[in-house]
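Participant: sequence and predicted model, in that order:
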Amino acid sequence: MLDESVADRWLSIAAREESILGGLVEVLQSDQRAVAAARVEEIEGNVVRKETAITEMRMIEESKRNLIASIPGGAENFAGLPRRFPVSRRSPAEASLARLRSLREAAAELNELSRRIMIHGLFLVRSTLGAVAGDAGASGYAENGDRRPPTATGKIVRQNA
């Protein structure tokens, strides 16, 4: 069994990670609203917020490695430590792990949805540009990211009145 000081350090690291992931989920939600409303400045601000979150997550990962390295006899991983905590610290740690899992799942879902929105947006932009430039049938990428073969389309011609 690990002592309470290790458990308290673990809980502190987990709380910081929860805070960062919660902020990241909020940024990803903000991204979707900003894309839908075409608020470029908000999207640009969110990029900075995501970069900050990534930097903070790297620091969290380093804190986790340091904690694991400080444990006599070693440890398998950060998430496996709570079962070695004193009983008084186990329940809060397991609740924190559940919240972390939920936040990671939410971030992954939002990230996947954003990826799909961006792919669809790029497809629409390329199609529009292709139609305007007359090369709408040129090969490119499909919504799923796979290479799309050329398709025959008509050429839009601008007529001056």
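Facilitator: Thanks, I have the structure now.
Participant: and stretch 15-23, how far out from the chain middle?
Facilitator: When distances are taken as CA atoms, centre = their mean, to the nearest Å, stretch 15-23 is centred 13 Å away from the chain's centroid.
Participant: what average pLDDT does the strand or helix carrying Glu62 get?
Facilitator: Glu62 belongs to helix 40-69 when assigned by DSSP states H and E. The pLDDT scores in helix 40-69 average 95.
Participant: helix or strand next in line after it, which one?
Facilitator: Per DSSP H and E, the first helix or strand lying C-terminal to helix 40-69 is helix 87-133.
Participant: now for that next one, which elements pack on it?
Facilitator: helix 4-37, strand 140-141 (3 or more CB pairs under 8 Å, 6 or more residues apart in numbering; DSSP states H and E). Heads up, the C-betas are built off the backbone N, CA and C, glycines and all.
Participant: hey, which of those is tucked in deepest?
Facilitator: helix 4-37 (a mean of 17; mean count of other CB atoms under 10 Å).
Participant: distance from it to the middle of the chain?
Facilitator: 11 Å.
Participant: hang on, Trp10 packs against Glu94?
Facilitator: No - in this structure, Trp10 is not within contact of Glu94 by CB atoms under 8 Å, at 11.4 Å.
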